[in-house]
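J.: Need the 3D shape of this:
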Amino acid sequence: MIKEYVSADIVIIGGGLAGICAAISSARVGRQVILVQNRSLLGGNSSSEIRVWVGGATKHGINRYARETGIMGELFLENQYRNPDGNPYIWDLLLLEKVRVESNIQLFLNTEISQVTMDTPEKIASVTGRIIGSEREITFSSGYFIDSTGDGLVAFAAGADYHLGREAQSEYGESLAPKKSDHDFLGSSLFFYTKNVGHPVKFIKPFFARDITKTEIVKSRIIQKDGNGCDYWWIEWGGELDIVHDNEKIRDELQAAVYGIWDYIKNSGKYDADNLTLEWVGSLPGKREYRRFIGDYVLTQQDIEEQTDFPDKVAFGGWSIDIHPASGMYTKQAGTEDSVPDGVYHIPFRTLYSHNIHNLLLAGRDISVSHVAFGSTRVMATCAVCGQAAGLAAAFAYTHKIQPRDIYQKYLADYQQYLLKEDSSVLGIKNQDDHDLARQAKIEASHTLTTINTYSNDATDYPLIKDVAFLFPVDPKLDNLELFVKSSTATKIELKFYQTGKRQNYIPAQLLKSVTVSVPDNYHDWLTIPIEWQPEKPENIFVVVSKNPLLTLAVGQQAFQGVLSFINEPVAELNQPKLHHFVRTSPILHWTNQLFNRRNFVFRIRQTSAFTVNNILNGYVRPFSGPNLWVTNCQHQPETITLKWSKPQLVHEIRLTLNDDVNEDLINLHHHYTAFPVMPELIKDLILEAYTEQGWQKITAINDNRQRHLIVNLTEPIELQQIRLRLLSTNGSQQISLYEIRVY
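T.: Numbers count the residues shown, from 1 in each chain. I've put the predicted structure just below:
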């Protein structure tokens, strides 16, 4: 073996999405980073080797305004542009390019870590691994390590305390935990893709294929000939074994099941599958669970269901607590046990570092959570945002020459502001950066939207044969609501007005008032609904229109910022008892926006301050008790935003956070198809100008933009007294909108 030694500010082991986001986030703030991955591909379970689609806080579109931002959000947006059909090899390429383009990252693929060396019992000095096929042994040394290996290989070898299996109910008071602790896990999965080749193709099963007619699969699972990849997430096994040490045995059984299922589809005569063939079968099991390491806090079932508001929140999740039976596909039980919170929940920083290894951060599925809470935090987009938080924590700790625990105890507010500056996925924390010169400026806009009117010329009729609803921001008060109504017969219309509960939720939580209004016969016009309400601070209101088959509403065919419309129709999972058993449900499962996305029931509010230009400086960069956006219609172009200071400022950097509609659920693979390559709400073309002693000067022009977070670094600092942003066009939206401008 050729022995080599390399060092860096931060060493990250594990090249799944958590490790990727940790590495990129650290590198972009100037740290020298080593990223070590034991496969030839990046992406972990999302790579073309395993092909799990990247789930996250949106829960495939069930949660509202929940898509991740930061680096994970950047990956979603860029994949949508490059790879709308969800080709797994293009996804591989995107991840590789995003890492390689960062000059501060040294990437080591095919490198299996086999040794961890300690400085002291509480501090890692180095990790050593071999590059497969290269006869090279490399020792990686650093003062800060991040374990994003999934199984927690480095943390385990370093002696970090961990959980394995299921804790008893008495451990954390969790109703979904077993009465006695055990070593059961969520199992591993193996997927397959099929292809229609246009002519008959035979399949001769291998001798080791399972006869699934002799198992519970045909009774307790849903087999579909057109399913691909994660459609078969329930092909799962191994939870009653040791997920790591029995990995080969688990792989063999999963392969036997896959070929048995395919034989059943092809040769049972129950499916029209003559022209189908296998295009791809996985050979590497996708692991769900193994070690979970103990931090200064352990996230629990109650924290997710109650959406605990932690002082050290640094990321968020939104997937339901999704626990699978350890016996996997061979059980009579439903494929999952689901507990659904009312919206997204917070993840505290104390779960992202080891409580006994002082220079070790955690990212991915090995963070400090109970087995029950792990049922939610394990999905990859949530792992990714925790990875960005861990990467920035390591960078912050390096800069201040401290350990991760010191961040929580002494530097928490500064660290959270550090996260916000990098557009991390954090909810409910405002920009309070003293270095941001924009916070001292006066802001003006050429125009601002002061009404809500969801009418569009292509509006269509919608018979009121079921309860429907819509949501909009109230700021500062609501005087009347006008709803477009048709009726050929005299009748009554009933509306119920609700508060939405926690500031990140979009459900009918607390009833404010019920209003019933008479509708004359042969009516075809706006109908005034009397409602007076002034919340203590701006918030959303959820309006339910009760079913009345004598009435017809109108539906506008355009998205409107801050407005959502809903149908009272349960999501598909509620009607799949073989696959899903719900132990806690939420109104978000019944009031669905998925079937109504980018359309709205036609109503209007004649006066609102919800879209004021002051929102650009209010500190929030995603919806939270309102849109937190400046919005205007695309009637005047260009629209301008101007920042003015009372005295000249020396400026070297300007940051823009654009609206990328985090309500739109994007995906990396083939779960669903999104028609547009670029988010329509994103500003496409803009010009940035500075007012100096020489008058207005162009700083830069940005054209064909498709990203949310833009950083303009000036070659030389400019002394200026005004900055003007000229917004020329969007990527298709009929409204121009913006979250934030920062100036340094």
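
J.: how about the helices of this protein, start to end?
T.: 17-28, 70-82, 88-100, 153-158, 169-172, 217-220, 247-267, 301-305, 371-377, 380-400, 404-410, 412-421 (DSSP state H).

J.: any idea which of those helices is most buried?
T.: Ranked by mean neighbour count, the helices of the chain are led by helix 17-28 with a mean of 30 (mean count of other Cβ atoms under 10 Å). The C-beta positions use only the backbone N, C-alpha and C, and glycine is treated the same way.

J.: next one: that helix to chain centre, how far?
T.: Chain-centre distance of helix 17-28: 16 Å, with Cα atoms, centre = their mean, to the nearest Å.

J.: And stretch 569-585, by the same measure?
T.: With Cα atoms, centre = their mean, you get 22 Å for stretch 569-585.

J.: Show me the contact partners of it.
T.: Stretch 569-585 is contacted from outside by 62, 175-176, 220-222, 234, 305, 321, 333-341, 466, 589-590, 592, 594-595, using Cβ atoms under 8 Å, 6 or more residues apart in numbering.

J.: out of everything not next to it in sequence, what's closest to the residue lying farthest from the centre of the chain?
T.: No residue in the chain sits farther from the centre than residue 521, which is 47.5 Å out by Cα atoms, centre = their mean. In space, residue 521 comes closest to residue 490 once its chain neighbours are excluded; the distance is 4.3 Å by Cβ to Cβ, 6 or more residues apart in numbering.

J.: Identify the nearest residue to residue 441 in space, disregarding sequence-adjacent positions?
T.: In space, and not counting its chain neighbours, residue 441 is closest to residue 643: 4.1 Å by Cβ to Cβ, 6+ apart.

J.: Isn't the one you found up against residue 721?
T.: No: in this structure residue 643 lies outside contact range of residue 721 using Cβ atoms under 8 Å: 9.5 Å.

J.: what's the spacing between residue 170 and residue 625?
T.: 37 Å (Cβ to Cβ, to the nearest Å).

J.: Okay, the residue nearest to residue 137 when sequence neighbours are not counted and residue 8: tell me how far apart.
T.: Among residues not flanking residue 137 along the chain, residue 1 sits closest, at 4.4 Å (Cβ to Cβ, 6+ apart). According to Cβ to Cβ, residue 1 and residue 8 sit 21 Å apart.

J.: more crowded one of those two?
T.: Remark: of residue 1 and residue 8, residue 8 carries more neighbours, 22 against 10, as counted by other Cβ atoms under 10 Å.

J.: Identify the residues contacting that one.
T.: Residues near residue 8 by Cβ under 8 Å, 6+ apart: 31-34, 106, 140, 142.

J.: Domain-wise, how is the protein divided?
T.: Domain ranges of the chain: 2-164+342-421, 188-281, 437-448+611-743, 452-570+582-605, per automatic domain parsing.

J.: can you put these in JSON lines and add distance to residue 180?
T.: Shown next, in JSON lines, are the domains of the chain (distance: least, Cβ to Cβ, whole Å):
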{"stretch": "domain 2-164+342-421", "distance to residue 180": "13"}
{"stretch": "domain 188-281", "distance to residue 180": "15"}
{"stretch": "domain 437-448+611-743", "distance to residue 180": "37"}
{"stretch": "domain 452-570+582-605", "distance to residue 180": "19"}
